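> Quick one, what's the 3D model for this:
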Amino acid sequence: MLDIEDFKKKINEKSRLMGIDPGKSRVGISISDENRKVATPHKTLEKKDFKSFKEDLNQIIKDFSISGVIIGNPIKMDGSTGSSSQSAKDLAINVSKHFSLPVLMWDERFSSEGSFKIMKELPINTTKKRKTLDKNAAAFILQGFLDYLNK
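Sure, this is the predicted structure:
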C-alpha cells in the first residue's frame with residue numbers, strides 16, 4: 001500500500017483506476033475513465049473465497065487496463081479504526097501481494113450513506129437499490145479520490 005503522493009507517481013497520466021468498496025460478503029467495484037475524472041459503478045462481486053475473488057479482479061484489471069486500485073477504508077466517525085478497517089487493510093495487503101499495481105486506501109466514511117441518498121432519488125424499488133448499493137458505494141469512494149486528484 002502506498003500513500004497518496006507515491007500512488008500518484010506510480011499511475012500513468014491516461015489510465016483507468018478501480019475503486020473497491022470492501023464488505024464481508026459482497027465487494028463493490030467501480031472503474032474510472034482514462035482521464036480519471038468520472039467513476040462509474042461496475043459490478044458487485046460475491047466474496048466466496050479469495051481465489052475466486054482474485055480471479056474476478058484479475059479479469060476486470062485485464063478488461064479495463066487498470067493501473068491502480070483505490071480501496072475504501074471504513075474509518076469510524078471519530079477517526080478511529082475498528083475490525084472493518086482492519087479487514088479492508090488486509091484486503092489491500094492481499095491485493096498488493098497478488099497484483100503488480102499501486103494500491104491506496106481511501107477514507108470511505110460516507111460512501112454507503114452518500115450512495116444510498118443518491119439512489120433514493122432513483123425510480124427503482126428498494127430491492128434493486130440494495131443490490132446496487134455496493135458498486136455505487138465503490139463509485140462514491142473512487143469519485144472522492146478522483147476529485148482530490150483533480151483539484
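
> alpha carbons only for contacts and neighbour counts from here, please
Will do.

> where does the chain have low pLDDT?
The model of the chain has pLDDT under 70 over residues 109-131.

> Report the central residue of it.
Closest to where the C-alpha atoms of the chain average out (C-alpha atoms, centre = their mean) is I20, at 2.0 Å.

> so what's that residue up against?
27-30, 69-72, 138, 141-142 (C-alpha atoms under 8 Å, 6 or more residues apart in numbering).

> did I read that right, it in a strand?
Yes: per DSSP: H, G, I helix; E, B strand; the rest coil, I20 lies within a strand segment.

> give me the beta-bridge partners of it?
I29, I71 (DSSP bridges).

> Give me the distance between it and L57.
Going from I20 to L57 by C-alpha to C-alpha, to the nearest Å gives 10 Å.

> again, but for I70
From I70 to L57 the distance is 13 Å (C-alpha to C-alpha).

> in this protein, which spans are strands?
16-21, 26-32, 39-46, 66-73, 103-107 (DSSP state E).

> re the thing from before, I70 and L57 - which one has more neighbours?
Neighbour count, other C-alpha atoms under 10 Å: between I70 and L57, I70 has more, with 27 against 17.

> Tell me, how many residues neighbour the nearest residue to S85 once chain neighbours are set aside?
Closest residue to S85 apart from its sequence neighbours, by C-alpha to C-alpha, 6 or more residues apart in numbering: P74 at 5.1 Å. By other C-alpha under 10 Å, 28 other residues sit near P74.

> In this model S87 seems to touch P74, though I could be wrong.
No: using C-alpha atoms under 8 Å, P74 makes no contact with S87, being 9.3 Å away.
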